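> Quick one, what's the 3D model for this:
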Amino acid sequence: MFFTKLSVVCSIVSLASALIINTPSTPWYSDEEVTITWQNQNTEEPSVFSFLLTSSAVGGDSYAIADDVSPVSGHLTVTLPNVQSGSYVLEAVNVTDVNDVYAESASFEVL
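Below is the predicted model of the structure:
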C-alpha cells in the first residue's frame, strides 16, 4: 500500500517538473513585447497550458498573458499588459484551473 501511494506521488512530482520556465535574464517592461522560453522534459500531459504573470508581492495580482500554449514549441512572444513595477514570476497553469500550477519561474523585475 505504501509503495502504491509513493508511486502516485512520484508520478505527480514528475509531471509537475516536466516543464521548466526560463527566468528572464534582464528586466521586462510593461506594454512591450517579450519572449518566454521553456523546456518540456516530458511528452505527457499537459497538452496545453496558460501563462500567468504573477506579482511576487503578498496578495499581488496575476495577469493571464497567454492561453492554450503548446508545451512542445518551447517559446512564445507576447505583449505584456500595463502592470505596476515590481518583482514577478511566470506560472504555467492548467487552462481550466489556474490554481493547478505546472511550473513557475524564479522571480524577475518588470519595470
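> Outside of stretch 64-78 itself, list whatever touches it.
With contacts defined as C-beta atoms under 8 Å, 6 or more residues apart in numbering, stretch 64-78 is touched by 19, 33-40, 46-53, 80-81, 92, 95, 98. Using the backbone N, CA and C atoms, a C-beta is placed for each residue, glycine as well.
> can I assume V34 sits in a strand?
Yes. Checked against DSSP: H, G, I helix; E, B strand; the rest coil, V34 lies within a strand.
> ok, it - contacts?
Counting by C-beta under 8 Å, 6+ apart, V34 makes contact with P24, W28, T77, V78, T79, L80.
> Out of these, list just those in strands.
Counting by DSSP state E, the part of these found in strands is T77, V78, T79.
> re the thing from before, just the buried residues of the contacts of stretch 64-78.
19, 34, 36, 38, 40, 46, 49-53, 80, 92 (16 or more other C-beta atoms under 10 Å).
> Let me have those residues in CSV, extended by secondary structure, distance to A66 and pLDDT.
Shown next, in CSV, are those (DSSP: H, G, I helix; E, B strand; the rest coil; distance: C-beta to C-beta, whole Å; pLDDT from 0 to 100):
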residue, secondary structure, distance to A66, pLDDT
L19, strand, 14, 92
V34, strand, 11, 98
I36, strand, 8, 98
W38, strand, 11, 96
N40, strand, 15, 92
P46, coil, 13, 80
F49, strand, 9, 96
S50, strand, 6, 98
F51, strand, 4, 98
L52, strand, 9, 98
L53, strand, 9, 98
L80, coil, 11, 98
A92, strand, 9, 97
